[in-house]
Structure formats: structure tokens, C-alpha cells
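**Student:** model this:
(4 chains)
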Protein chains: 2
Amino acid sequence: MGQIEDLRLLVVIVDCGSISKAAAQLRIAKSAVSRRLGLLEDRFGTVLINRQPGMWRITDTGKELYQRAVGVVGDVDEITADFAQTSQTIEGPLSISVPQEFGIVFLRRFLIEFSLRHKNIQLQIEFDNRPVNLARENYDFAIRVTLQMENDTNAKHIGETRHRLYASKSYLDENTAPTSAQELKNHPLLNYGGAKRAEWEFLDDKGKPVIVAFKPVMSSNSGVYLADAARSGLGIVRLPDFVGQPACARGDLIEVLPDLKQAPLKIYLIHSEKRRLNRRMRIFAEEMTVECSNQTGVQNRW
Amino acid sequence: MGQIEDLRLLVVIVDCGSISKAAAQLRIAKSAVSRRLGLLEDRFGTVLINRQPGMWRITDTGKELYQRAVGVVGDVDEITADFAQTSQTIEGPLSISVPQEFGIVFLRRFLIEFSLRHKNIQLQIEFDNRPVNLARENYDFAIRVTLQMENDTNAKHIGETRHRLYASKSYLDENTAPTSAQELKNHPLLNYGGAKRAEWEFLDDKGKPVIVAFKPVMSSNSGVYLADAARSGLGIVRLPDFVGQPACARGDLIEVLPDLKQAPLKIYLIHSEKRRLNRRMRIFAEEMTVECSNQTGVQNRW
DNA sequence: CCTTACCGTTCGAATAAGGAGAACCTGTTG
DNA sequence: CAACAGGTTCTCCTTATTCGAACGGTAAGG
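**Tutor:** Numbering: from 1, shown residues only, chains lettered A, B, ... in the order given. Okay, here's the model as predicted:
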């Protein structure tokens, strides 16, 4: 029989202080318990438990083995609990840090549906615009939307999105639309972020980066607000798809220079390296991955 | 099959990157490997490895499980290595801190014979008179001889010895031997230790402690030296059995007040709690225990 | 002193688990 | 297109493991 099962047997016997009781607890015949303990002792070539009638005493070696066995058996049980689907439903707390706009626009539906699917999960969603420190603050997961992530084993690339340029119809009626990245400088530009000077990076036909540096007429760390501003005709704005596309669909904004290539924004699901994935975390990660694949078309060929 | 064996299977498969290779390495039919992996996936209700022909990719869940499995499988292997008698001979370094005189007198023979029995053990014996810090200095074991040990799970009571009073024949010829503990004060006393004032504790008939405080005419942290001093007729010395008995047997010293009761000295074998017992440490501890039982008569009824 | 209760071991019979090997499917390669 | 490599599935078979009953021993209690 398996090594772990033998160790577990020893643990139960020691805990029960008797072979009979151990057999009762394990719901197997005591003969089996006796025999397996004997086999274990044979394998280790030592007496683990001294059990002459009337004297029941664990050997020093037995004690030592017991100590170690308890640890490793506990580990295995933990793994089993985290991976086996003993109960179909998952439960417990789950805390996630999500970038404000991405979360609200892109994930709102998913998070609500996830919550409905798993009613016993207490989902705590923190909307943050600054990257949170996963190790210090106690989040299970965080989502990052950046150009490129430093190689992190705890980061999973779950999707992509991209920036596009938008302006309102009224603006485009009153101004001649730009025909190249360079011409953008002649337009009032709205920038996501707080810097006084900003840079937008595009890719030319050969994939080389073209950088447009400018002073934004308006800055904000809210893409939705910028979209609204652009809708009022303030100028041209660069927005990630999950903000721009809905506005575009509503007719609020019109895409400018749609053929201009831009490096994709990558979406990562990250989790603290210290924290091990339990079942509910795994399921969240899985469903999240599927959701993002569906929405962004990133094939996760498993 | 056992849980650990399944986890080990997963580890091997992942390491090999293929079911066929894993089967080859494990020297079992690949059908068995395939079946067991399938069973494992069933049990966990997840796909661990996606293995359509031409596409072999470990699932995220699989990766996570693999990480954990590696750890616990390693633990089990370590336990097996430390306990199973794969090879009858033990080998490797073994370092012990022993009190000077106890070690030399009481253990010399045992340590030499142990070394002869296990020729592949590099036995390093440090004779110390001060208790060493097991955690800081890197000893496998240390031996302590004290009246009473604070309750330490890492301390094993392996034997007992006791103090006795001795004097030389010449001294007893020239002086009247004491007839009670109190009368000791009228004699020159030799004390083990460095203090200017010393106390010896005895037990009266009812087991109550009787304390004799005195200024020793000679102090030393070497019992053998004190024995030699007493042999020259300096006075009465209190020595543990392992120093006094040989001297007595040689006729160098004669026991004084043999009926006076004294609290037994307990002999402990201790090891660092941080360090786990491996096979050679366990065997040393066992043989040491047996040796001490034989010499001191402390029954270790297992 | 004998009885009852409890414990652990041993034995043969019943059973369940794991492995072998062939047939099969499916992409890949030359 | 054929050979090949990798994985799956099926049946058969060997083995390990369990069960239950019988046995021997100790301890407590009338």
C-alpha cells in the first residue's frame, strides 16, 4: 500500500493509542491494521510500537517517525482539500484588487455572475488605480493591465487589449482628422495619467516604435472621464478598448486613425507568491481566464 | 493506489514531459501511466495535463499541483531515507558534545566501539565543560549531567548516576571520619566547580533536603584532578560515580558516609529541536541508550 | 480462582487494485 | 501515403490487501 497511507496509519494508531481503536476509526478490520503496522516495521527494520500485552509504548524511533508523519500527512490532506472536488460548491472569502475602469467596464458582468454562480463565496473587490502590494495587503489576486510585465511566475497572462484613438463627431466635423501619428501633435490631446508631459507610442508599418511626445490639454486617471471630455469635443483621446469601445458603440466617440498600430496592452492575473492557491482561488482563476479569452480573443490553448 | 504514488506519478510525468517517457522511467506499461493519470484527474475533477495529440501542455491547475506534489514527495522520500534500512551500514558525520569527565570516563569505551562498529561514521567528539548551545553550534547531540532538566522534548533521559563522598585512606587514618552530613563542615572539602562558596545537598531519612554550605579548600572543574588531590589526603571530595568509582576500585579513595542519601544526577541526551533525526543519529541515540542502561541500571522498558 | 473483557496476532478465503499487452485513434514526419 | 510516435482503451491476469474467525495473552472483578 501507499507510503502515505502507511504513515497515516501510524499517525492514527498513535493518536488512538491502540490498534483496535485505530481500526474502528479507520473502519477497517483490526487485523489489517496490525498486519500493516507489522509490515511498516519490517520495511523500516525497527520496532515502532512495543506492544506486548499489557505494555503499550511507542518506541523513540516511532515517536520520531510519528512527528514527521504528522507533518507530511497534513500536507497531503491540505493538497487533497485544495484540489479534490469533495464538494461541488466552493465557499469562503476571496479578495481581488482590480484596476478601477478595467474592473468596472470589463469585469463587472463577470464578477457579478461569478458571485451568482458561487453563492457561498464572499467576494471582496477592491477597485484601485495604483498597483497594490500583494504581499503586504492581503489580496488573493490582483489584475494588472500594462504593456509588458516583468517575468513573474505568479503572473498569468489572461488577455490582451489595446489602445485606440478617439474623438467626438463634433470635433471631427470642425477639425481635419489627422492622417498620421505625427499630425497628432497639431491636435489637443487628452491623456490618461497625471504627467504634464506625455508620450504615446505607436508602431509603424515595420513594427518600429514611433513616439509622439506632447503636452496634454487634459489629464486624468479616469478613462471614463476622459471619454466624456472627448465626447464634448475637447480633442483626441487615447483609450484602452474596454473604455473606448463602449463609448464608440454608443456613438459618443469615433475612432481616429484606426489603421495606426499600437503595442497591445497585456492583462495579467497575479497572486502573491507566498499564498498558495486553494480550490476557490483556482476556480476563480480558471473562470477568469475563460472570460478574458472570450472577450479578448486571446487563445489560451491550455 | 496511494495518494503519494499518484503525486509522484504526476511529478515524473511532468519532469519527463511525456507519458511514454515516464512509463519507461518507472518501468511500467504506458497504459498504466495513462490510466492512473486519468484516474487522478477524475479524482480531482480537473484536467491536469492537456494531451491532445500534437499538443502537450500542463494545465495551470496541473502546474500548481505539481509544485505542491514535488514538495511533499520530497518530504516522503526524505523520511524514507532517514528511516528505511536500505543499507545496513550508516555513514556520514556525527558530532557530539560531551562533558569532559563523563565522556572520558563513562563513554570512552562506548564511543570507541561505536566508531569501530560503524566505520563509515566520522565521529567528532567535543569535550566541553560548559553546556554548549546546540542551536548555534552545529552539534547533532549533546550530553548533559544535571540534577534536573527543564522539561524539554528534545532531551532524553538515558541514565542516572549519583554523587558520593570520598577520602583517601591516609586522610581517614589521620582524621576521624564524619558520621553525619553536618560534621562534614569540620573537614576540608574539595568541590567541583569554580565558586568560592559551595553547597552540597543531601537527603535525610525522610527525603528532605539537607544543605551543607562551606568554603572549599580546593575547587576545580576537573573531577579527576580533585580525585587525585583527595588521594593525596587533602580532604573529603564529592564526586559523581563515573569519577569516584574507578578511583575507589583502584584503592585510591575510600567512600565516606556511604549511607548518606543524595539526589540522583540525571543523564540526558539532547539534540537541537531544529535538526531532525536522521538514521545515523537515531542509531547513535539507540545504542547510547542501551549502553547507559547497562552501565547505570536505568530500565528503559522501551 | 475463575470469569469476563479487551487487545493484538495469525491464518485461509474472498476481493479489489494495478499492471501487461494488444488494438485503436490521431496527428506528425519523411 | 506510409511509417511513426504518443496517448487511450479494452481485457486478462497477477498480486496485494482486506475480512472474519480463531487463538493466546493480560488485567480487572466478583
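**Student:** which bits of the stretch 51-200 of chain A sit near DNA strand C?
**Tutor:** Residues of the stretch 51-200 of chain A lying close to DNA strand C (CB under 7 Å from any atom of the strand) are A:51, A:53, A:56. Placement of C-beta: from N, CA and C, glycine included.
**Student:** closest one of those to B:Ser31?
**Tutor:** A:Arg51 (42.2 Å; CB to CB).
**Student:** element containing the closest one?
**Tutor:** Taking DSSP states H and E as the definition, one finds A:Arg51 inside strand A:49-52.
**Student:** in chain A, which helix is the longest?
**Tutor:** Counting residues, the longest helix in chain A under DSSP state H turns out to be helix A:60-83.
**Student:** give the next helix or strand downstream of it.
**Tutor:** strand A:92-99.
**Student:** that next one - contacts with which helices or strands?
**Tutor:** strand A:121-128, strand A:141-146, helix A:279-296 (3 or more CB pairs under 8 Å, 6 or more residues apart in numbering or on different chains; DSSP states H and E).
**Student:** just the C-alpha atoms of the shortest one, please, in PDB.
**Tutor:** Below are the C-alpha coordinates for strand A:141-146, written out as PDB (Å, rounded to 0.1, in the frame of the first residue of the first chain):
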ATOM      1  CA  PHE A 141      -5.500  38.200  -6.600                       C
ATOM      2  CA  ALA A 142      -4.800  41.400  -8.400                       C
ATOM      3  CA  ILE A 143      -5.200  42.300 -12.000                       C
ATOM      4  CA  ARG A 144      -2.700  44.400 -13.900                       C
ATOM      5  CA  VAL A 145      -3.100  46.000 -17.300                       C
ATOM      6  CA  THR A 146       0.300  47.000 -18.600                       C
END
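**Student:** any idea how far the residue most central in space within chain A lies from chain B?
**Tutor:** In chain A, the C-alpha nearest the mean C-alpha coordinate belongs to A:Leu269, at 3.6 Å (CA atoms, centre = their mean). Distance, A:Leu269 to chain B, using CB to the nearest CB, to the nearest Å: 10 Å.
**Student:** so that residue sits in a helix?
**Tutor:** No. Using DSSP: H, G, I helix; E, B strand; the rest coil, the secondary structure at A:Leu269 is strand, not a helix.
**Student:** who does it bridge with?
**Tutor:** For A:Leu269, the beta-bridge partners are A:Ile143, A:Lys156 (DSSP bridges).
**Student:** how close does it get to B:Arg57?
**Tutor:** From A:Leu269 over to B:Arg57 the distance is 18 Å, taken as CB to CB, to the nearest Å.
**Student:** cool, and A:Arg136?
**Tutor:** Computed as CB to CB, the A:Arg136 to B:Arg57 distance reads 33 Å.
**Student:** those two: who's more crowded?
**Tutor:** B:Arg57 (14 against 8; other CB atoms under 10 Å in any protein chain shown).
**Student:** in terms of helix, strand or coil, where does the more buried one fall?
**Tutor:** For B:Arg57, the assignment made with three-state DSSP gives strand.
**Student:** wait, it sits on B:Val47?
**Tutor:** No. Taking CB atoms under 8 Å as the definition, B:Arg57 is not a contact partner of B:Val47, at 10.1 Å.
**Student:** that older thread, hmm, the residue nearest to the centre of chain A is touching A:Thr289, no?
**Tutor:** Yes. Between A:Leu269 and A:Thr289 there is a contact under CB under 8 Å: 7.3 Å.
**Student:** show me whatever sits in contact with both of the two.
**Tutor:** Taking CB atoms under 8 Å, 6 or more residues apart in numbering or on different chains as the criterion, A:Leu269 and A:Thr289 both touch A:156, A:158.
**Student:** within range of chain B, give me the residues from the stretch 51-200 of chain A.
**Tutor:** Residues of the stretch 51-200 of chain A lying close to chain B by CB under 8 Å from any CB of the partner chain are A:55, A:57, A:59-61, A:64-65, A:68-69, A:71-72, A:75-76, A:79-80, A:82-85, A:156.
**Student:** 6 Å instead?
**Tutor:** Counting by CB under 6 Å from any CB of the partner chain, the stretch 51-200 of chain A comes close to chain B at A:57, A:61, A:64-65, A:68, A:72, A:75-76, A:79, A:83-85.
**Student:** hey, C-alpha coordinates of stretch A:105-116 in CSV?
**Tutor:** C-alpha atoms of stretch A:105-116 as CSV (Å, rounded to 0.1, in the frame of the first residue of the first chain):
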residue,chain,number,x,y,z
VAL,A,105,-16.2,48.1,-17.5
PHE,A,106,-14.6,44.9,-18.4
LEU,A,107,-15.2,42.7,-15.5
ARG,A,108,-18.4,43.9,-13.9
ARG,A,109,-20.6,41.4,-15.5
PHE,A,110,-18.1,38.5,-14.9
LEU,A,111,-17.7,39.3,-11.2
ILE,A,112,-21.4,39.5,-10.7
GLU,A,113,-22.0,36.3,-12.5
PHE,A,114,-19.2,34.6,-10.6
SER,A,115,-20.8,35.7,-7.4
LEU,A,116,-24.1,34.3,-8.5
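**Student:** for chain A, which spans come out with low pLDDT?
**Tutor:** A:85-88, A:135, A:149-153, A:293, A:295-302 (pLDDT under 70).
**Student:** can you pull the domain assignment for it?
**Tutor:** Per the record, chain A has its domains at A:3-83, A:92-161+A:265-296, A:163-256, by automatic domain parsing.
**Student:** so which of these gets nearest B:Ser220?
**Tutor:** B:Ser220 lies closest to domain A:3-83 among the domains of chain A, at 35.8 Å (CB to CB).
**Student:** close to DNA strand D, is the closest one?
**Tutor:** Yes. Domain A:3-83 lies within reach of DNA strand D by CB under 7 Å from any atom of the strand, at A:27-29, A:31-32, A:35-36, A:39, A:52-55.
**Student:** would you convert the domains of chain A into CSV that also reports distance to B:Ala198?
**Tutor:** Output for these, formatted as CSV (distance: least, CB to CB, whole Å):
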stretch, distance to B:Ala198
domain A:3-83, 37
domain A:92-161+A:265-296, 55
domain A:163-256, 78
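**Student:** quick one: closest of those to B:Ser222.
**Tutor:** Taking CB to CB, domain A:3-83 is the member of the domains of chain A nearest to B:Ser222, at 32.8 Å.
**Student:** okay, stretch A:62-73 in CSV with CA atoms only?
**Tutor:** Listed next in CSV are the C-alpha coordinates belonging to stretch A:62-73 (Å, rounded to 0.1, in the frame of the first residue of the first chain):
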residue,chain,number,x,y,z
GLY,A,62,8.3,5.5,16.5
LYS,A,63,7.9,8.9,18.1
GLU,A,64,10.3,10.5,15.8
LEU,A,65,8.6,8.9,12.8
TYR,A,66,5.3,9.9,14.1
GLN,A,67,6.3,13.6,14.3
ARG,A,68,7.4,13.6,10.8
ALA,A,69,4.5,11.6,9.6
VAL,A,70,2.1,14.1,11.1
GLY,A,71,3.6,16.9,9.1
VAL,A,72,3.6,15.2,5.8
VAL,A,73,0.2,13.6,6.2
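**Student:** next, the buried residues of that stretch.
**Tutor:** Within stretch A:62-73, the residues that qualify as buried by neighbour count (16 or more other CB atoms under 10 Å in any protein chain shown) are A:62-66, A:68-73.
**Student:** cool, and stretch A:271-281?
**Tutor:** Buried residues in stretch A:271-281 (16+ other CB under 10 Å): A:271-272, A:277-281.
**Student:** closest to DNA strand C out of those residues?
**Tutor:** A:Arg279 (23.5 Å; CB to the nearest atom of the strand).
**Student:** the closest one contacts A:Asp82, doesn't it?
**Tutor:** Yes. Shown here, A:Arg279 and A:Asp82 form a contact pair, counting by CB atoms under 6 Å, at 5.2 Å.
**Student:** how close does the residue lying closest to A:Asn129 once chain neighbours are set aside get to chain B?
**Tutor:** Closest residue in space to A:Asn129, ignoring its immediate chain neighbours: A:Gln100 at 5.0 Å, by CB to CB, 6 or more residues apart in numbering or on different chains. For A:Gln100, the distance to chain B equals 26 Å [CB to the nearest CB].
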